[in-house]
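*Asks:* When you get a sec, could you give me coordinates for this:
(3 chains)
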Amino acid sequence: MSESMAAQPLLDVRDLRVSFRTRSGTVDAVDGISFTVGRGEVLGIVGESGSGKSVSMLSVLGLIDNPNCVVEGEVIFQGEDLLKLDDKELRRIRGKEIAMVFQDPMTALTPVYTAGWHISEQIRAHEKVSKKAAHARAIQLLDAVGIPNSTDRVNSYPHEFSGGMRQRVVIAMALSCNPSLLIADEPTTALDVTIQAQILELLRDLQSEFGSSIVLITHDMGVVSQMSDRVLVMYGGRLAEAGPRRALMRDPLHPYTWGLMGSIPPTDGTRVERLAAIPGAPINPSDPDRDRCLFSSRCGFASDACRPQPGLVEHVHGHLDACVLPYDQRPALRLEALTTVMTESGASA
Amino acid sequence: MAALVVLILIILMCLAAPLYENYVARTDAFTSNVNGTYVVDGQTKPVLEASTEGLGLGVNPIGPTWSSQFFLGADNQGRDVMARMLFGGRNSLVIGFTSAIICCVLAGIVGIVAGYFGNAVDAVLSRALDVLWAFPVYLLAICLSVVLINSSLTIGPVTLNSGSIILPILIIGIVYVPYVARPIRGQVLSLREREFVQAAVGAGAADLRLLRREILPNVLPTIIVFLPLMTAINMLTESALSFLSIGVQPPDASWGTIINDGVGLLYTRPMVAIAPGIMLAITAVALNLLGDGVRDALDPKARLRGGV
Amino acid sequence: MWRFAGKRAIAALLVLFAISVLVFLIFFATPGVDPAARIAGRNASQETLAQVRQSFGLDQPIWVQYGVMMRHLFIDRDLTSFVNRGAEVIPQVQQAIPVTLSLVIGAAVIWVILALVMGVLATAYRGTAIDPIIVVLGVIGVSLPVYWLGEVVNLVTQSRLHDTIFAWVPSLGYVSLSEGFGPWALHLLFPWLTLAVLYAGIYARVLRSEMVGAMNEDYIRMARAKGIGEWRVLLRHALRTSLIVVVSLFGLDFGALIGGAALLTEVVFGLQGIGKLTYDSLQNFDLPVILACVLYAAFFVVLANFIVDLLYAWLDPRVRHV
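*Replies:* Numbers count the residues shown, from 1 in each chain, chains lettered A, B, ... in the order given. Have a look, this model is predicted:
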């Protein structure tokens, strides 16, 4: 690896725009976002459903199977723009360099094939190895992701695994070609809470063992706080806030992030009557009124200044957000936001 | 929509059969007309000529004239094929439609009862359906027809004469019950588990009220979707049975019997067999398209397997 | 898997038993129908009737009658036709079986291959002109009377165009496979095609809708994310999971064919199979032959369903443990 390569980020997304042509005009699911993923870094992308977090990562690998979808921008991966590659060249990257883990392990495996078959298929798609060798590696991988009795379980069908075990199989499959980037799209959402923690721990262990970078897509601030190095907060297909995990968790800047964090139960033992929820519904991507801060329709601090859309501003090193509120008053405003929500929910309860 | 228009046109045509018989063809579609004559270009010709082809057996009826009399020619008894086809269409349509109604009603009852009451009732009914399901429709229909056609059936005070078209209606209506009952049973089973039904159960609603207020309204669309499709399948089955001469009995006609009449004349007067087949195919296509349309309108997920 | 097969085999035997009882009841216990008169045929003499009553134990309780009948059919195999002056029934049936199986299996092979090709192409090129073609073929397939289509095929190949482009078509009838594959296949070609046309469209349609549904599943997106080729995604993932539905459909149709549509096709194309035998016995109400044909056909139907059940379990590991 040359010096210049090492200095470059593994994945460099520049002004990515994903739009769908519909009968009522074009809808921007992802509206010009830019970010990077460094080597060995874990990047968390947080947002409600419909915020464009999954779509942006699917579009990176050309996995959006919709003829009405237009992807623009640049996605530089190891010096190549993925958006300029044709399907055949992309296949070389998919699964080998960039692997994905999807949300629902119940449906992510083709029901008629065994765990070993799935893993072997991926290995043999990218490497010239015999069926036997691939099978042996499948057993090792199942071992590595903590599936007991892997020599027997390799011949089990998806329906014979529990949800958590199935997600482990999917992770084993994703890691089978030693990818440099693993995209995990809500990997724990469909699982029981106790299993969630196990899977996150597994991902963290594997990350340190295999050294892959991870993009962790989730709607759960708790998940992000457990394992990412850096966090992106997305709303309505745009970046609301981005920063190192510690800074972002301690001093969240954007009112939307405040809302997201209010949705996690406090871990210090105080009981709250009710978790604060962000009022209103997530913005509809087909909303035509887009030249404004999209969160302003749900924000308690919205004003005329929220239009046009404020740009991303870097406040502290590496910590950016797109909000017009004065930077130095944010902590006080956040406290105000919290108490308002509390009293409101108290009143309605 | 086009399918519905075509269907209505065909029904109207068949309803007009007596008018056609009396005023256009000026003939009697049901009595033998072996010695009949026909005037063409001022010359009087016999409707039937002794056949000169083959072994010299049989007759060679007049071919299609494409004019008011003997539009499609005559059959081997000298009867006007066009007039018979219109009358035959009435029987085919009536049998297909009424047997479809019988089938859907029976299947609805069986499916709802089996799915709703479950347990032993379901087990008994489902096994019975399984046996019927494994039993090829045509064989079952043939068995029933062989026994019932040509001898009358007496059930209590009702006696059905052997030639009655009620027999094929009943036979066809019954043999297809499993095809409709099984999906309905499955639907009722899943309905029982749904929240709104559970809520009604929790509220203490009686069985009858539940069935009427919650189950039936949800099952009805499925039954309605099946109706045109079963009508098409039943018409084809009726025609097949009639073709095997165990359906509609002569001198009565249906499209199946006319095709059967036409088989003997296939190489000399193919129109006798072809015309009713085309009518049957058009009607069945229209019914199937109608069924597809109704299904798309009511329930895009449902799927039905095709018959023969 | 073996336990599953065992269970299905027992279930199949039970169904077969139930069918035999049902058929027996239809023929021997329908109210107002005298089975002796039915078996003896039309205008039978008093002696024949007495002979029939004695031979089938008709003066005895109904379950004894059932036993006697099954004995004649399956154990002694000496069921005789009264209409046809003492002709043994079972040998006729045994002669007819290979004809029916040749017809049905050959047609099935053709329509399944056609349907697979059309269904996969329609999925790969969905939204193009292939789609409406398959819809039309499917609707026509379920709407045409098979015997009528057969007659039209006969009209064209045996009469109207027989002197020109179809001069190579042999006359109607069946030639045994023992006389060579060529003549056998040539004699069966048009019967096969007639049947296959009716089924290929609807199968392609079902397969397409299953596959298009499968293409929206998560596991397809996962398979793409693994970096495997689009055709492999289509064939090994979407097609493979969609086959399950097609196979269960096939089981039903195969059974229905042996018991019904094949009958009509055999009649039309003059093939001396089970169906033609049934038809001929229908013409003179030869009840023992009808009974034997129906039960033998039912046996093959149940056998076909049993094989399909096993195939189903092989295709779909989820049902093996049920």
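
*Asks:* what about the strands in the stretch 101-250 of chain B?
*Replies:* B:153-155, B:158-160 (DSSP state E, counting those that start in this stretch).

*Asks:* hang on, I meant chain A
*Replies:* For chain A, the strands defined by DSSP state E cover A:11-22, A:25-37, A:42-46, A:69-77, A:80-81, A:98-101, A:181-185, A:213-218, A:230-235, A:238-244, A:313-316, A:319-321.

*Asks:* helices or strands next to the second one in the packing?
*Replies:* Pointing back at strand A:25-37 there. strand A:11-22, helix A:53-60, strand A:230-235, strand A:238-244 (3 or more Cβ pairs under 8 Å, 6 or more residues apart in numbering or on different chains; DSSP states H and E). (Glycine included, C-beta is placed from N, CA and C.)

*Asks:* Output those in CSV, with mean neighbour count, mean pLDDT and distance to C:V15 appended to each entry.
*Replies:* As requested, the helices and strands packed on strand A:25-37 are exported to CSV (neighbours: other Cβ atoms under 10 Å in any protein chain shown; pLDDT from 0 to 100; distance: least, Cβ to Cβ, whole Å):
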stretch, mean neighbour count, mean pLDDT, distance to C:V15
strand A:11-22, 18, 90, 52
helix A:53-60, 24, 88, 49
strand A:230-235, 26, 92, 58
strand A:238-244, 23, 91, 63
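
*Asks:* closest one to chain B among these?
*Replies:* In terms of Cβ to the nearest Cβ, the element of the helices and strands packed on strand A:25-37 nearest to chain B is strand A:11-22, at 19.7 Å.

*Asks:* who does that closest one pair up with?
*Replies:* Note on strand A:11-22: by DSSP bridges, its sheet partners are strand A:25-37 (antiparallel), strand A:69-77 (antiparallel).

*Asks:* which other residues reach the longest one?
*Replies:* Residues outside strand A:25-37 that contact it (Cβ atoms under 8 Å, 6 or more residues apart in numbering or on different chains) are A:9-20, A:43, A:52, A:55-56, A:59, A:70, A:73, A:181, A:213, A:215, A:232, A:234, A:236-239, A:242, A:285-286, A:288, A:290.

*Asks:* and what of the shortest one?
*Replies:* Contacts of strand A:69-77 from elsewhere in the structure, counted by Cβ under 8 Å, 6+ apart, are A:10-21, A:26, A:32, A:59-60, A:62, A:64, A:81-83, A:93, A:97-98, A:181.

*Asks:* rerun that using 6 Å as the cut-off
*Replies:* A:11-20, A:59-60, A:81-83 (Cβ atoms under 6 Å, 6 or more residues apart in numbering or on different chains).

*Asks:* Out of the residues you listed, flag the one nearest to A:E160.
*Replies:* Comparing the contacts of strand A:69-77 against A:E160 with Cβ to Cβ places A:V60 closest, at 33.0 Å.

*Asks:* quick one on the thing from earlier: mind checking the strands paired with strand A:11-22 for the one nearest to A:R204?
*Replies:* For the strands paired with strand A:11-22, proximity to A:R204 was assessed by Cβ to Cβ; strand A:25-37 is nearest, at 16.4 Å.

*Asks:* Contacts only, for B:T98.
*Replies:* With contact taken as Cβ under 6 Å, 6+ apart, B:T98 is in contact with B:I169.

*Asks:* now what about stretch C:229-238, what contacts it?
*Replies:* Here stretch C:229-238 makes contact (Cβ under 6 Å, 6+ apart) with A:T110, C:A124, C:M211, C:A214, C:M215, C:I220, C:A223, C:R224.

*Asks:* sorry, back to before: could you export the strands paired with strand A:11-22 as JSON lines, including mean neighbour count?
*Replies:* Formatted as JSON lines, those follow (neighbours: other Cβ atoms under 10 Å in any protein chain shown):
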{"stretch": "strand A:25-37", "mean neighbour count": "18"}
{"stretch": "strand A:69-77", "mean neighbour count": "17"}
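
*Asks:* how about the helices in chain C?
*Replies:* C:2-28, C:35-40, C:46-55, C:62-70, C:89-124, C:130-143, C:146-154, C:181-215, C:218-225, C:230-232, C:240-256, C:262-269, C:274-283, C:287-315 (DSSP state H).

*Asks:* Say whether chain B is contacted by the last one.
*Replies:* So that's helix C:287-315. Yes. Helix C:287-315 reaches chain B (Cβ under 6 Å from any Cβ of the partner chain) through C:I290, C:V294, C:A297, C:V301, C:V302, C:N305.

*Asks:* Let me see the contact set for the last one.
*Replies:* Meaning C:N305. B:A134, C:G251, C:G255 are the contacts of C:N305 under Cβ under 6 Å, 6+ apart.

*Asks:* swap in the first one?
*Replies:* In this structure, C:I290 makes contact with B:V146, C:S281, judged by Cβ under 6 Å, 6+ apart.

*Asks:* Any figure for the gap between it and C:V146?
*Replies:* Distance of C:I290 to C:V146, given as Cβ to Cβ, to the nearest Å: 21 Å.

*Asks:* can you name the two of the contacts of stretch C:229-238 that are farthest apart?
*Replies:* Across the contacts of stretch C:229-238 (Cβ to Cβ), the longest gap, 17.9 Å, separates A:T110 and C:A124.

*Asks:* So what's the residue count around the closest residue to B:S32 other than its chain neighbours?
*Replies:* Nearest residue to B:S32 in three dimensions, chain neighbours excluded: B:Q77, at 4.5 Å (Cβ to Cβ, 6 or more residues apart in numbering or on different chains). Residue crowding around B:Q77 was assessed by other Cβ atoms under 10 Å in any protein chain shown; the count is 19.

*Asks:* quick check, B:Q77 in a strand?
*Replies:* No. Assignment of B:Q77 by DSSP: H, G, I helix; E, B strand; the rest coil gives coil, placing it outside any strand.

*Asks:* one step back: and the strands of chain A: which comes nearest A:N155?
*Replies:* Closest of these to A:N155 is strand A:98-101, at 22.2 Å (criterion: Cβ to Cβ).

*Asks:* Identify all contacting residues around the closest one.
*Replies:* Outside strand A:98-101, the residues touching it (Cβ under 6 Å, 6+ apart) are A:V170, A:I171, A:A174, A:P179, A:L181, A:L182, A:I183, A:A184, A:P187, C:A225.
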